[in-house]
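K.L.:
structure of the sequence below:
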Amino acid sequence: MSFSQREYTAKAGEPLKTEVVFDDDSASNALSFQSSDLDICRVNRSTGELSPKKKGTVTITVKTFNHVAATCKVV
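P.N.:
Numbers count the residues shown, from 1 in each chain. All right, here's what the predicted structure looks like:
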């Protein structure tokens, strides 16, 4: 599993959707997204939609129910 991009460019106030790509046919419905800094960029925990708040860099992490994880950077 990975994000379709290693790095996303976002502007404050403009929502952006991330995309997760699976390495095999076992796509998971139970994904959980997390931002390393909610003051810079919030992320919808279930959909992965980004809500940038201000300029900065954060790491977005997605995890499956069985704790497989992937990360990307948002600048």
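
K.L.:
look up which helix or strand the residue nearest in space to the middle of the chain falls in, please.
P.N.:
By CA atoms, centre = their mean, the chain has its centre lying nearest to Ile60, at 4.2 Å. Following DSSP states H and E, one finds Ile60 within strand 58-63.

K.L.:
buried ones in that strand?
P.N.:
58, 60-63 (16 or more other CB atoms under 10 Å). Backbone N, C-alpha and C define where each C-beta goes, glycine included.

K.L.:
doesn't Pro52 make contact with Glu14?
P.N.:
Yes. Using CB atoms under 8 Å, Glu14 makes contact with Pro52 at a distance of 6.6 Å.

K.L.:
ok, the two, which is more surrounded?
P.N.:
Pro52 (22 against 9; other CB atoms under 10 Å).

K.L.:
would you enumerate the residues in contact with that one?
P.N.:
Contacts for Pro52 (CB atoms under 8 Å, 6 or more residues apart in numbering) come out as 10-14, 16, 40-41, 74.

K.L.:
from those residues, pick the one nearest Met1.
P.N.:
Taking CB to CB as the measure, Val74 is the one of those closest to Met1, at 17.9 Å.

K.L.:
from Leu38, how far off is the closest one?
P.N.:
Val74 sits at a distance of 12 Å from Leu38 (criterion: CB to CB, to the nearest Å).
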